[in-house]
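Chemist: what's the 3D shape of this:
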Amino acid sequence: MLPGMPKPRRTGPMPDVFETFAHRVDEEDAPGEPIRTTQMAKGAGISLGLMVLTAVAFVLGFWTGTQNEPDLAYDHLVWEGIIKVGFAALCGLLAAAAILALATLAIGIPWVRSQRERRR
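Modeler: Numbering: from 1, shown residues only. From the prediction side, this is the model:
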C-alpha cells in the first residue's frame with residue numbers, strides 16, 4: 001500500500017478458522033486407510049537413500065567429466081573454464097539422472113506388482 005493511504009478497518013468479529021474448516025478435518029468416513037508409521041518411515045528411508053545415491057552418482061559423474069575433457073580449441077581462458085566446468089557438470093547430471101531412473105525402476109516395478117496382487 002502507498003504510505004498516504006489509510007488502512008481499511010475491519011468491522012465485526014474475525015472468522016473462526018477451526019469452525020470454517022471443521023468439515024475437512026473431522027470427517028470420519030475419509031476414503032482409504034490411515035497411513036501407518038512404519039510405512040511412512042520406510043518411505044522416508046527410501047527417499048533419503050535415493051537422495052544420497054543420486055548425490056554420489058553426481059559427484060562420480062562430475063569427477064569422470066573432469067578426467068575426460070572435450071578436445072576443443074579455446075579462444076579465451078574464460079571460455080575454456082566455462083566449457084570444462086559445464087562438461088563436467090553435464091556428466092554429473094547425466095550420471096545422477098541415470099542412477100535415479102534405474103533406482104526408481106528397481107523400487108517401482110516390485111511395488112506395482114505388489115499392488116496388482118493386492119487387488120486380485
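Chemist: for the biggest helix by length in the chain, what is the average pLDDT?
Modeler: Longest helix in the chain by number of residues (criterion: DSSP state H): helix 77-119. For helix 77-119, the mean per-residue pLDDT is 91.
Chemist: Which strands and helices lie in contact with that helix?
Modeler: For helix 77-119, the elements it packs on are helix 37-67, judged by 3 or more CB pairs under 8 Å, 6 or more residues apart in numbering; DSSP states H and E. All C-beta spots, glycine's among them, are computed from the backbone N, C-alpha and C.
Chemist: And the helix it packs on, what does it pack against?
Modeler: Packing contacts for helix 37-67, counted by 3+ CB pairs under 8 Å, 6+ apart, involve helix 77-119.
Chemist: The helix it packs on vs helix 37-67, what angle?
Modeler: Taking axes from the mean of the first three to the mean of the last three CA atoms, to 10 degrees, one finds helix 77-119 and helix 37-67 inclined to each other by 150 degrees.
Chemist: How far off centre is helix 77-119?
Modeler: Counting by CA atoms, centre = their mean, to the nearest Å, helix 77-119 is centred 12 Å from the centre of its parent chain.
Chemist: can you pull the contacts of residue 61?
Modeler: By CB atoms under 8 Å, 6 or more residues apart in numbering, the residues touching residue 61 are 91-96.
Chemist: redo that, cut-off 7 Å
Modeler: 91-92, 94-96 (CB atoms under 7 Å, 6 or more residues apart in numbering).
Chemist: Next, count neighbours for residue 92.
Modeler: Around residue 92 sit 21 other residues, with neighbours defined as other CB atoms under 10 Å.
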